[in-house]
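# Pasting a predicted model and its sequence here:
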Amino acid sequence: IFCCSIIMTLCLAQLQTFSVQQGSTMDTRITKHFNIPPASLPIIPVGFLIIIVPFYDRICVPFLRKFTGIPTGITHLQRIGVGLILSCISMAIAAIIEVKRKGVARDHNMLDALPVKQPLPLSIFWLAFQYFIFGIADMLTYVGFLEFFYSEAPKGLKSTSTCFLWCSMALGYFLSSILVKIVNSATKNITSSGGWLAGNNINRNHLNLFYLFLSILSLINFFVYLFVSKRY
């Protein structure tokens, strides 16, 4: 169960990294005189969480409690499972958004446009769709893991048990860098750029295929989680 949490963090790391690169090629204007910096994109899921967490806690949990009789609405393992499948959906949406972004660049002959200086006629807020779904997944999975590890640990190790979540996050971020290198090495001979994610021109890369790969990886991870959690 601990290992199944690593893949989700790996996906989060890629989403946060490449979304900034995507955002630097898009229209960042909010008003005539204000542009949102692409590097501040990760604040979007935080904004969603500020709204979603009270809604889940005050409306969803009491509603589910009536049917399940469980104080938390659903069990910790069920909450984690829902979060894992939502992270899979989020990566699939990210792949679709990237196909749209590259389509706009191709249709306007801007595949070699300079990031920031020559933005595509596509709002940066298109990236909010993937962040919205991942924000919900984040809330369900990470909170579920934290509560699960804490509730299942023996008395003397309850404070130590919370480190399991942070360890899985650390491993996820570390493995994300390794995964990028593996993907580039495996695809260097089938792409002109030397790999799906190689080079600085994201318009010429195959980020959409990489996101699709992460979605499939997340789906496999979900089925593994389903297998082990049912037998816990």
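Arrived safely. Remember, it's a predicted structure, so these values are computed and weren't measured experimentally.
# residues near the nearest residue to I133 once chain neighbours are set aside, how many?
Spatial nearest neighbour of I133, excluding adjacent residues (C-beta to C-beta, 6 or more residues apart in numbering): S90 at 4.0 Å. No exception for glycine: its C-beta is placed from N, CA and C like everyone else's. Neighbourhood size, S90 [other C-beta atoms under 10 Å]: 29.
# Also the one 4 residues further on?
Using other C-beta under 10 Å, A94 is surrounded by 29 other residues.
# Kindly give the local confidence score, pLDDT, for the residue nearest to I133.
S90 is assigned a predicted lDDT (pLDDT) of 94.
# Can you tell me how far the closest residue to V20 other than its chain neighbours is from T17?
Once flanking residues are discounted, V20 sits nearest to P38: 4.9 Å by C-beta to C-beta, 6+ apart. Counting by C-beta to C-beta, to the nearest Å, the separation of P38 from T17 is 11 Å.
# what about these two, which has more around it?
For P38 and T17, the more surrounded residue by other C-beta under 10 Å is P38, and the numbers stand at 19 against 16.
# re the thing from before, helix or strand: which one has the residue nearest to I133?
Element membership for S90 (DSSP states H and E) is helix 76-107.
# chain center to that helix, what's the gap?
7 Å (C-alpha atoms, centre = their mean, to the nearest Å).
# Just name whatever secondary elements the helix or strand following that helix is in contact with.
Downstream of helix 76-107, the first helix or strand assigned by DSSP H and E is helix 128-152. The contact analysis (3 or more C-beta pairs under 8 Å, 6 or more residues apart in numbering; DSSP states H and E) places helix 128-152 against helix 4-23, helix 43-55, helix 76-107, helix 158-161, helix 163-187.
# any idea of the mean pLDDT in the helix or strand following the second one?
What that stands for is helix 43-55. As assigned by DSSP H and E, the chain's next helix or strand after helix 43-55 is helix 61-68. Per-residue pLDDT values over helix 61-68 give a mean of 90.
# just use 5 as the starting number from now, easier for me
Shifting the count to begin at 5 puts that one at helix 65-72.
# Counting by contacts, list what helix 65-72 packs against.
Against helix 65-72 (3+ C-beta pairs under 8 Å, 6+ apart) you get no helix or strand.
# List of residues touching it?
74-78 (C-beta atoms under 8 Å, 6 or more residues apart in numbering).
# for the residue nearest to I84 when sequence neighbours are not counted, what are its contacts?
Take I84 and drop its neighbours on the chain: the residue closest to it by C-beta to C-beta, 6+ apart is G148, 4.0 Å away. Shown in contact with G148 (C-beta under 8 Å, 6+ apart): 80-81, 83-84, 87.
# per-residue confidence for G148?
Looking at G148, its pLDDT stands at 89.
# and the residue nearest to V24, what is it in contact with?
The contact partners of P42, by C-beta under 8 Å, 6+ apart, come to 23-28, 30, 32, 120, 128.
# If burial is judged by neighbour count, which of these pass?
With burial judged by 16 or more other C-beta atoms under 10 Å, the buried subset of these is 23-24, 26-28, 30, 32, 128.
# And those residues, which two are furthest apart?
S23 and T32 (12.4 Å; C-beta to C-beta).
# neighbours of N113, just the number please.
Counted with other C-beta under 10 Å, residues neighbouring N113 total 8.
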